[in-house]
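Novice: sharing a model prediction with you, sequence too.
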Amino acid sequence: MPTTPPGAPERRPRLTPAVADARRAVRESLADLPEGSLVVVALSGGPDSLALAAAAAFEAPRAGLRAGAAIIDHGLQGGSAAVAERAAAAARALGLDPVVVRRVEVGTAGGPEAAARTARYAALDAIAEELPAAAVLLGHSRDDQAETVLLGLARGSGTASLAGMAAVVGRYRRPVLGLRRAALAAACTDQGLEPWHDPHNGDAAFARVRVRSSILPLMESQLDAGVVDALARTAEIAREDSDALDHMVDEIAEELVDLAEGGCSLPVAALLANPPALRHRLIRLVADAEFGLALSRAQTLEIARLATDWHGQGAVHLSGIRVEREGGRIVFRSSAPEPPADPQSD
């Protein structure tokens, strides 16, 4: 954090290109928020989130907004409470208020990275509701976006992986998603900020660390030094396409989905008339919107075959739902057991 000798006049940090870029990114991200709103920076104390916090502390008051910080202590490392308090002290020194520190219990579902992420977002959601906050700012950078795209491709996640992380999802915003990690580190240095460096970021046991430390540098040396920017641009293009398709599906679904007791249905003829990209999105939309079930690629294709490869096969049984063909429609119904009758009722 900035230090000033006792009795000396406070010196304003010089406005360097890195600092200006971070502030501009935050200013653009906050432009549509109502005056007086509170924005909360999700602050780990690392270079990316600390540069974001400094930019938010500068820009929010000028936009008629208030800026605070939320620090999540995952408790996964020795001394994590001290690290959290250090981040909180940095936030207060920047003038952020309120500053909330929240300890979470990290489970095991999905592996350590996924479990920590689940616990973190649950805590950030709770803090945003409690304060309340109009937006939560996340410090993901352009490098993070490139890593996300590569990891998703390796896992076969399709368009979702290519689209990477969105700049805005609900209350969450990623103002510095267009800036490189090195630029955010420079913004910290230029302002006299001392970030914390998470030792997990150097642990090759984590897939993201291997992508960051080995795979991306290899790609840059063997292919092109601009591969990070190229991957991030690919994500932007894929997200535009994906958003357009999702919008089309929403409009189509309003016309095609018939609601019925215990479920809903889609007409076979309409599914066959649409290209696979729209057909599969329609199926996933119905499963998610009506039953809260996120379908895998294999499950989506199995349901689609009730229309595209129909030869009298039986129902597709999934977690909590049953999907079957009845005449010219694909019918989705809940397969949850009916609650037992109340013996006291008449």
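Specialist: Done, it's in.

Novice: going forward, measure contacts and count neighbours with C-alpha atoms only.
Specialist: OK.

Novice: how about the most centrally placed residue in the chain: what's its closest non-neighbour residue?
Specialist: Central residue of the chain (C-alpha atoms, centre = their mean): residue 165, 5.7 Å from the mean position. Distance criterion C-alpha to C-alpha, 6 or more residues apart in numbering; nearest residue to residue 165, sequence neighbours excluded, is residue 145 at 6.4 Å.

Novice: tell me the average confidence for the helix or strand where residue 150 lies?
Specialist: Following DSSP states H and E, one finds residue 150 within helix 142-154. The average of the pLDDT scores along helix 142-154 is 92.

Novice: and the helix or strand hosting residue 49, C-alpha only, in CSV?
Specialist: Assessed by DSSP H and E, residue 49 sits inside helix 47-62. Extracted C-alpha coordinates of helix 47-62, given in CSV (Å, rounded to 0.1, in the frame of the first residue of the first chain):
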residue,chain,number,x,y,z
PRO,A,47,-2.0,-7.6,-8.5
ASP,A,48,-5.1,-7.9,-10.7
SER,A,49,-7.7,-7.3,-8.0
LEU,A,50,-5.6,-4.7,-6.2
ALA,A,51,-5.2,-2.6,-9.4
LEU,A,52,-8.9,-3.0,-9.9
ALA,A,53,-9.6,-1.8,-6.4
ALA,A,54,-7.4,1.3,-6.8
ALA,A,55,-9.1,2.2,-10.1
ALA,A,56,-12.6,1.7,-8.5
ALA,A,57,-11.6,3.8,-5.5
PHE,A,58,-10.6,6.6,-7.9
GLU,A,59,-13.5,6.3,-10.5
ALA,A,60,-16.5,5.5,-8.4
PRO,A,61,-16.8,8.8,-6.5
ARG,A,62,-16.4,10.7,-9.8
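
Novice: rewinding a little: list the contacts of the helix holding residue 150.
Specialist: For helix 142-154, the surrounding residues in contact (C-alpha atoms under 8 Å, 6 or more residues apart in numbering) are 158, 160-165, 176-181, 207-208, 211-212, 216, 228-229, 231-232, 235.

Novice: show me which of these are buried.
Specialist: Among the contacts of helix 142-154, the ones that count as buried by 16 or more other C-alpha atoms under 10 Å are 160-165, 176-181, 208, 211-212, 216, 228-229, 231-232, 235.

Novice: OK, contacts around residue 236?
Specialist: Counting by C-alpha under 8 Å, 6+ apart, residue 236 touches 163, 164.

Novice: for it, grab phi and psi.
Specialist: When read as degrees, to the nearest 10, the backbone of residue 236 gives phi -60, psi -40.

Novice: that one and residue 166, how far apart?
Specialist: Separation of residue 236 from residue 166 (C-alpha to C-alpha, to the nearest Å): 9 Å.

Novice: again, but for residue 184
Specialist: The value you get for residue 184 to residue 166, if C-alpha to C-alpha is used, is 19 Å.

Novice: tell me which of these two has more neighbours.
Specialist: residue 184 (25 against 14; other C-alpha atoms under 10 Å).

Novice: helix/strand/coil for the more buried one?
Specialist: helix (DSSP: H, G, I helix; E, B strand; the rest coil).

Novice: now for this structure, the helix or strand with the poorest mean pLDDT.
Specialist: None of the helices or strands of the chain scores lower by mean pLDDT, DSSP states H and E than helix 159-163, at a mean of 80.

Novice: and for that one, what's in contact with it?
Specialist: Residues outside helix 159-163 that contact it (C-alpha under 8 Å, 6+ apart) are 148-153, 234-239, 242.

Novice: rerun that using 7 Å as the cut-off
Specialist: Residues from elsewhere that reach helix 159-163 (C-alpha atoms under 7 Å, 6 or more residues apart in numbering): 149, 152, 153, 234, 235, 236, 238, 239.

Novice: residue 16: which of those residues is nearest?
Specialist: Set against residue 16, the nearest of the contacts of helix 159-163 by C-alpha to C-alpha is residue 236 (27.3 Å).
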